[in-house]
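Asks: Fold the following and give me the result.
(one chain, ligands or ions: 1)
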Amino acid sequence: MNDPRFRLNPAQAAELVAQFGTPLYVLDEATLRTTMRAYRASFEGRLSFAAKANPASAVLAIAYREGFGIDVASEGELRAALYGGVPAEACTMHGNNKSLAEIQFALSVGIGEIVADNFSELDKFIGLDFSMTRLLLRLAPGVDPITHEKISTGQEDTKFGFSISGGDAERAVKYCLDRGLPLVGIHCHVGSQLLEPSAQIAGGEALARFAVEMLTKYGWRCELLNVGGGLGVRYIHEEPMPIADYCASIVTAVKPILDAAGLDPVLAQEPGRSLVAEAGVTLYTVGAVKLAAGRRYVVVDGGLAENPRPALYGAEYAVERVLSHSDVSNLRPATELTPAPNPLLTGERMGLPTRLSGRHCETDTLIEDVDLPDDIQPGDVLQKLATGAYSSSMASNYNRYPRPATVLIRTTGDFVVIQRAETHDELLAREQVPADLLQTKERS
Ligand SMILES: Cc1ncc(COP(=O)(O)O)c(C=O)c1O
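Replies: Predicted structure coming up:
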């Protein structure tokens, strides 16, 4: 089976570990660009990159240069895009609870589009300057995608968007028309990690039928119909539909409904995961190997903080040993050397089920049942595949670990840090201890 996921070869891994240590996020620019070009070649409509998947400014810059707009879900993501040289008019702002300050910031820089999620938000828009910005409505098309509950968003019972069947979507269109808001289009995003397009097709068809209804009832012409993101990636054994087939099936389903009513909106998609996930790996060093209750535990220098997805919704990944302890020992300063392998332990643990665990103060399992060599040792380096999306963007400082750097492998093969590692000083810079608590006096 063709496996397009990016993986490091041992020479690259050795150089990265020597220069940057672990844990480390790594992204491959060539893989990113190849995937982006596949989307562009497959879809005639408008494409945006959903920044939430990986909002490093350099990644957003690459997406923009490959012809993508940028979908942002917050002021922070918008600022990251602007910092990456993306013009505000190429950005679309989402979010189901945008603050007035965020909306005002987006309008002040001339964001291209804002997608309204609910009536409370529409109320905030009244009197604001939309001269440079177009408005879309996020609709809940009542589609239940076959994916994890936490990444299902298009169903009826959802916090996202105006319900079509409940009538809120129509009331929102009227609200905009009555108040002169610059409504140009509609949007939905039914869910993520979809391996085939049936849910997105159903969402797109619901949007198309709604657009026809609004034309008939109010004479409102939909100019932009955005079916969101959602295409899945290979984490373990998944085989997502090829990008070209996925895009074609959405257009084939939606177009006839629009054509029949004489509507010709620009069709839009905003993939996130499928553009970046497979271009990334995360490098870890094994710190401990132990046996407990008939199981082998392999513990790495990452986990919940640098990627919460396994803990959030049981996400699974594939992991491979890319360097063994002996390869690594001549790369590291003597002070960081790990103890020599324990031969007794190696013999005992043959064939035992193995759990890959993190270093955090939770049972942070990275992979429940992982296939790793019997002779895995402290000091070995592992690469976890398909971590380009929703890893660094969801990272935290739990246990006060500074967040790791992201290195981009340029198409020339050069390594460039696009997000440097946080430092302990940066974390401490946020602390403010009232002076009296610092005074040296007896504790009561
Ligand atoms: C509004 C919106 N658009 C696009 C995306 C990107 O989805 P995916 O990464 O599954 O392609 C999301 C993800 O949550 C989203 O909420």
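Asks: And stretch 38-48, what's buried?
Replies: Of the residues in stretch 38-48, those scored as buried under the neighbour-count criterion (16 or more other C-beta atoms under 10 Å) are Ala38, Tyr39, Ser42, Phe43, Gly45, Arg46, Leu47, Ser48. Quick note: C-beta positions are derived from backbone N, CA and C, even for glycine.
Asks: Just give me the closest of those to the ligand.
Replies: Of all these, the one sitting nearest the ligand is Ser48; the distance, using C-beta to the nearest ligand atom, is 8.1 Å.
Asks: wait, what's in contact with the closest one?
Replies: Under the criterion of C-beta atoms under 8 Å, 6 or more residues apart in numbering, the contact list for Ser48 reads Phe68, Gly69, Ile70, Asp71, Thr92, Ala268, Gln269, Glu270.
Asks: Likewise for Val319?
Replies: Contacts of Val319 (C-beta under 8 Å, 6+ apart): Leu356, Leu366, Ile367, Val370, Leu372, Leu382, Gln383, Lys384, Leu385.
Asks: Take the buried residues of stretch 38-48 and keep only those in helices.
Replies: Among the buried residues of stretch 38-48, the members falling in helices (DSSP state H) are Ala38, Tyr39, Ser42.
Asks: Just put these in CSV and tack on pLDDT and distance to the ligand.
Replies: CSV is the format used below for these (pLDDT from 0 to 100; distance: C-beta to the nearest ligand atom, whole Å):
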residue, pLDDT, distance to the ligand
Ala38, 98, 14
Tyr39, 98, 11
Ser42, 97, 15
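Asks: and of the residues you listed, the nearest to Ser326?
Replies: Closest approach between those and Ser326, by C-beta to C-beta: Ala38, at 39.4 Å.
Asks: Check what pLDDT the residue lying closest to the closest one once chain neighbours are set aside gets.
Replies: If the residues on either side of it in the chain are set aside, Ala38 comes closest to Ile243, at 4.7 Å by C-beta to C-beta, 6 or more residues apart in numbering. Looking at Ile243, its pLDDT is 97.
Asks: ok, now how distant is Glu170 from Ile114?
Replies: Spatial separation of Glu170 from Ile114 under the definition C-beta to C-beta, to the nearest Å is 20 Å.
Asks: Those two: who's more crowded?
Replies: In terms of neighbours (other C-beta atoms under 10 Å), Ile114 is the more surrounded of Glu170 and Ile114; the figures are 26 against 17.
Asks: Just say helix, strand or coil for that one.
Replies: Reducing the assignment at Ile114 to three states with DSSP: H, G, I helix; E, B strand; the rest coil gives strand.
Asks: now the strands for the stretch 51-200 of the chain?
Replies: Defined through DSSP state E, counting those that start in this stretch, the strands belonging to the stretch 51-200 of the chain, from first to last, are 69-72, 91-93, 113-116, 134-140, 162-163, 183-187.
Asks: List just the one of those that sits closest to the ligand.
Replies: Among those, strand 69-72 comes nearest to the ligand, with 5.5 Å by C-beta to the nearest ligand atom.
Asks: elements contacting the closest one?
Replies: Using 3 or more C-beta pairs under 8 Å, 6 or more residues apart in numbering; DSSP states H and E as the contact criterion, the secondary-structure elements in contact with strand 69-72 are strand 46-50, helix 57-65, helix 75-83, strand 91-93.
Asks: Of the ones you listed, flag the one that's most buried.
Replies: Comparing the helices and strands packed on strand 69-72 on average neighbours per residue, with mean count of other C-beta atoms under 10 Å, the densest one is strand 91-93 at a mean of 28.
Asks: can you count the residues close to the closest residue to the ligand within the stretch 51-200 of the chain?
Replies: Here the stretch 51-200 of the chain gets closest to the ligand at one residue, Ser192, 3.1 Å apart by C-beta to the nearest ligand atom. Residues within reach of Ser192, counting by other C-beta under 10 Å, total 26.
Asks: Let me see the backbone angles for it.
Replies: Note on Ser192: its backbone torsions stand at phi -120, psi 170 [degrees, to the nearest 10].
Asks: where are the low-confidence patches of the protein?
Replies: Applying pLDDT under 70 to the chain picks out residues 1, 145-155, 329-350, 441-442, 444.
Asks: can you list the domain ranges for it.
Replies: If the domains of the chain are taken from automatic domain parsing, they occupy 29-275, 278-428, with pieces of a single domain joined by a plus sign.
Asks: End to end on the last one, go ahead and measure it.
Replies: Between the opening and closing residues of domain 278-428 there is a gap of 34 Å (C-alpha to C-alpha, to the nearest Å).
Asks: can you pull the buried residues of stretch 212-221?
Replies: When neighbours are counted by 16+ other C-beta under 10 Å, the buried residues of stretch 212-221 are found to be Val212, Glu213, Met214, Leu215, Trp220.
Asks: And for stretch 246-253?
Replies: For stretch 246-253, the neighbour count (16+ other C-beta under 10 Å) marks Tyr246, Cys247, Ser249, Ile250, Val251, Ala253 as buried.
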